[in-house]
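In: sequence unknown, structure follows:
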């Protein structure tokens, strides 16, 4: 069975600090996708990134970066120079690459950036 | 391009009543999914449509829940009769059909917050 764990329930930092959100997953599949979604106060889930298990290269997009380590089954998300607008609930998710397409989510991490 | 829309945004009903949630996927997306988040727990999969067909309904909690997608466009999720434990946020997502049938990125709507009193 697939499982995603986000051990950090809530994180609070001061603006401009760097912050890392942890995600650890379990799967028996040899190939899979990993995702991060952001849920701002408005409620919708905003897609941030999809990562293929074949590709362990880290990815950077502006102030966002993702560290995928297959050896430790982790897919951590770092925000550098955090801003108040980054305040949201962040979800990590996992799915098979083929077959069942449902997403398996972690519990979410509520991130608060204080001015 | 319009995103996934859901209606209503919030519904408050009494135990035993019926509620119908609606989801309009992104135009052209064949895949439509329903998920639910109950009481701050993780978001859980309910079911998956490919066009008008139910591809996977393994997450549907019981037979009080009925999902339809007539014509392969919008979808409805009916809860009848509603129970207290049905309270939560119901999310809809859609994705394009990929020829290789591999998983494509799902785009979510804002959710419907259901409160059963």
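Out: Cool, the structure landed. Predicted model only: the values in this text are computed from it and were never measured.
In: partners of the helix or strand containing residue B:46 in the sheet?
Out: Residue B:46 belongs to strand B:43-50 when assigned by DSSP states H and E. Strand B:43-50 pairs in its sheet with strand B:31-37 (antiparallel), strand B:53-56 (antiparallel), by DSSP bridges.
In: buried stuff in that strand?
Out: B:43-50 (16 or more other C-beta atoms under 10 Å in any protein chain shown). All C-beta spots, glycine's among them, are computed from the backbone N, C-alpha and C.
In: weakest of the strands paired with strand B:43-50 in terms of mean pLDDT?
Out: Among the strands paired with strand B:43-50, strand B:53-56 carries the lowest mean pLDDT, a mean of 92.
In: for that one, buried residues please.
Out: residue B:56.
In: against which helices or strands is the helix or strand just after it packed?
Out: Downstream of strand B:53-56, the first helix or strand assigned by DSSP H and E is strand B:65-68. Here strand B:65-68 touches strand B:43-50, strand B:75-79, going by 3 or more C-beta pairs under 8 Å, 6 or more residues apart in numbering or on different chains; DSSP states H and E.
In: how about a cut-off of 7 Å?
Out: With contacts taken as 3 or more C-beta pairs under 7 Å, 6 or more residues apart in numbering or on different chains; DSSP states H and E, strand B:65-68 sits against strand B:75-79.
In: partner strands of the strand it packs on and their direction?
Out: Counting by DSSP bridges, strand B:75-79 is paired with strand B:19-24 (antiparallel), strand B:65-68 (antiparallel).
In: run the chain-centre distance for it.
Out: Offset of strand B:75-79 from its chain centre (C-alpha atoms, centre = their mean, to the nearest Å): 7 Å.
In: and if you look at stretch B:51-64?
Out: That offset, for stretch B:51-64, works out to 10 Å (C-alpha atoms, centre = their mean).
In: same question for stretch A:32-41.
Out: Distance of stretch A:32-41 from its chain centroid, counting by C-alpha atoms, centre = their mean, is 6 Å.
In: all strands of chain A, in order?
Out: For chain A, applying DSSP state E gives strands covering A:3-5, A:10-14, A:19-21, A:24-26, A:32-39, A:46-52, A:59-61, A:64-69, A:74-79, A:88-96, A:104-105, A:109-114.
In: count of residues packed around residue A:103?
Out: 26 (other C-beta atoms under 10 Å in any protein chain shown).
In: now it: how far from residue A:81?
Out: 29 Å (C-beta to C-beta, to the nearest Å).
In: also residue B:82?
Out: In terms of C-beta to C-beta, residue B:82 sits 45 Å off from residue A:81.
In: who has more neighbours, those two?
Out: residue B:82 (23 against 12).
In: wait, isn't that one in contact with residue B:12?
Out: No. Look at residue B:82 against residue B:12 with C-beta atoms under 7 Å: they stay out of range, at 10.6 Å.
In: and residue B:60, what is it in contact with?
Out: Residues in contact with residue B:60 (C-beta atoms under 7 Å, 6 or more residues apart in numbering or on different chains) are B:46-47.
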